[in-house]
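Visitor: Have a look; sequence and predicted model below, questions after that.
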Amino acid sequence: MRAPRLFDAVALGGTAVTRARFSVRMLNGRWELPPRSLMLVTHRSDWDIPLTTNVYWSGGMWQRDPRLVFVARDDMFLPGFLAGYPRGMPLPLRRALARVDVGGRLRAHGLAQPIASASRAQLVHVAREEPSLPLDALPETAEAARGRARRLGRPEPRTLGDLLDGAYLDLLWPVWRSRAELPATDEFWGRRRALARRDFEGLLEHVASGGTLAIYPEGHPSPDGAIGPLERGLGVLVRRARPDALIPVGLAYDPLARGRTRAYVAVGDPVAPAPKETEATVLAALRRMMPLTPGQVAAHAVLHGLDPRRVADEALQEERPREPRLLELLDEALAAAGSAPRRLLERLDLEFRSARGAA
């Protein structure tokens, strides 16, 4: 059952956490979220979902129940996700979080809904459904697990189910794998297909009843800064759900700053659905909504040997949301770029070029 006040609490928590971690810039004032709409958000980081909760307050949604449901990949709804997915977590903390089930609680209260893939899965999915699968079927995972067991002085794990222990959970969440890459049974993949259909039908029902979905159509955080490609199935969702509007939301993070990383949130005007050209329409809208940051300009200028002021002046002519003090903060970003890892500069540069459709 929907719990509006619980939604307020979750949004307040997400906003508080992101504003403690980042210097958050909202690039819009009050805006409306029409019923029966899809909020489509660029996927930059694992912080995107809590960062997106900031729109809850700027859009005045706290004054009413917008029936907004966040859609996320289904592994985020498994118990232990907080212990298994994040990298570099201390083992004691990983063990403590192994049984925490945040996603399940959010789903139970109508705040979030999973979407399963019929053709891909993580090892954690197989471990939960086919725990007796011999670990030897996955040589690399077996080697990593047994090496950790020796370091911890624990018995050697022999099955995939043994890795559901908090000491090994991170080994089950490394990457998504296709059917050909996972030693799962036909029955497992049959269940995945059925689950994917059920999840998809649930999304359709929510929109049909007047609700709104927040979706990250790229599926996963961008690995290199580019915007897109979009996950398959978005076009089918738009054609079947028939939303009244698409709301593009652009997120950006600028670490080339003095102090905390700046995080930007920009909400665009409603876009009319284009069922026959959904992917192209959505990708163009997300690119237009990508906030222009001093770090993007600095990275592009440094890597390509260009005049930063000229790059900034040209970029400011584009109809994109931008840091209001971009020119004022550009020198700070250039100074930070001088000692920043090249990989970070390349990511910001590709984000800059991708937003312009030039990547």
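Guide: Received, thanks. Because the structure is predicted, anything quoted here is derived from the model rather than measured.

Visitor: and the longest helix for the protein?
Guide: helix 186-208 (DSSP state H).

Visitor: Export only the CA atoms of the next helix or strand after it, formatted as PDB.
Guide: Note on helix 186-208: by DSSP states H and E, the next helix or strand toward the C-terminus is strand 212-215. Extracted as PDB, the C-alpha positions of strand 212-215 are listed here (Å, rounded to 0.1, in the frame of the first residue of the first chain):
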ATOM      1  CA  THR A 212       4.400   8.300 -12.700                       C
ATOM      2  CA  LEU A 213       7.700   6.300 -13.100                       C
ATOM      3  CA  ALA A 214      11.200   7.600 -12.500                       C
ATOM      4  CA  ILE A 215      13.400   5.600 -14.900                       C
END
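
Visitor: Give me the sheet partners of strand 212-215 and which way each runs.
Guide: strand 37-41 (parallel), strand 68-73 (parallel) (DSSP bridges).

Visitor: Tell me which of the ones you listed sits most buried.
Guide: The highest average neighbour count among those, using mean count of other Cβ atoms under 10 Å, belongs to strand 37-41 at a mean of 26. Where C-beta positions appear, they are placed from N, C-alpha and C, glycine not excepted.

Visitor: what's in contact with the helix or strand following that one?
Guide: Going down the chain from strand 37-41, the next helix or strand is helix 48-52, by DSSP H and E. Helix 48-52 is contacted by residues 13-15, 17-18, 22, 24, 41-42, 45, 70, 72, 214, 216, 221, 249, 251, 263, 265 when judged by Cβ atoms under 8 Å, 6 or more residues apart in numbering.

Visitor: Quick one, which of those are buried?
Guide: 14-15, 18, 22, 24, 41-42, 45, 70, 72, 214, 216, 249, 251, 263, 265 (16 or more other Cβ atoms under 10 Å).

Visitor: ranges for the helices of the stretch 151-300 of the chain?
Guide: 186-208, 234-241, 278-289, 294-304 (DSSP state H, counting those that start in this stretch).

Visitor: what's the most buried one of those helices?
Guide: helix 294-304 (a mean of 25).

Visitor: what's in contact with that one?
Guide: Residues from elsewhere that reach helix 294-304, judged by Cβ under 8 Å, 6+ apart: 252, 254-257, 262, 306-308, 311-312, 315, 323, 326, 329-330, 332-334, 336-338, 340, 344-349, 351-353, 355.

Visitor: Just the C-alpha atoms of the lowest-mean-pLDDT helix or strand in the chain, please, in CSV.
Guide: When each helix and strand of the chain is scored by mean pLDDT, DSSP states H and E, helix 55-58 comes last, with a mean of 75. Once non-C-alpha atoms are left out, helix 55-58 reads as follows in CSV (Å, rounded to 0.1, in the frame of the first residue of the first chain):
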residue,chain,number,x,y,z
VAL,A,55,13.5,17.2,-7.2
TYR,A,56,10.8,16.1,-4.7
TRP,A,57,11.2,19.3,-2.9
SER,A,58,11.8,21.7,-5.7
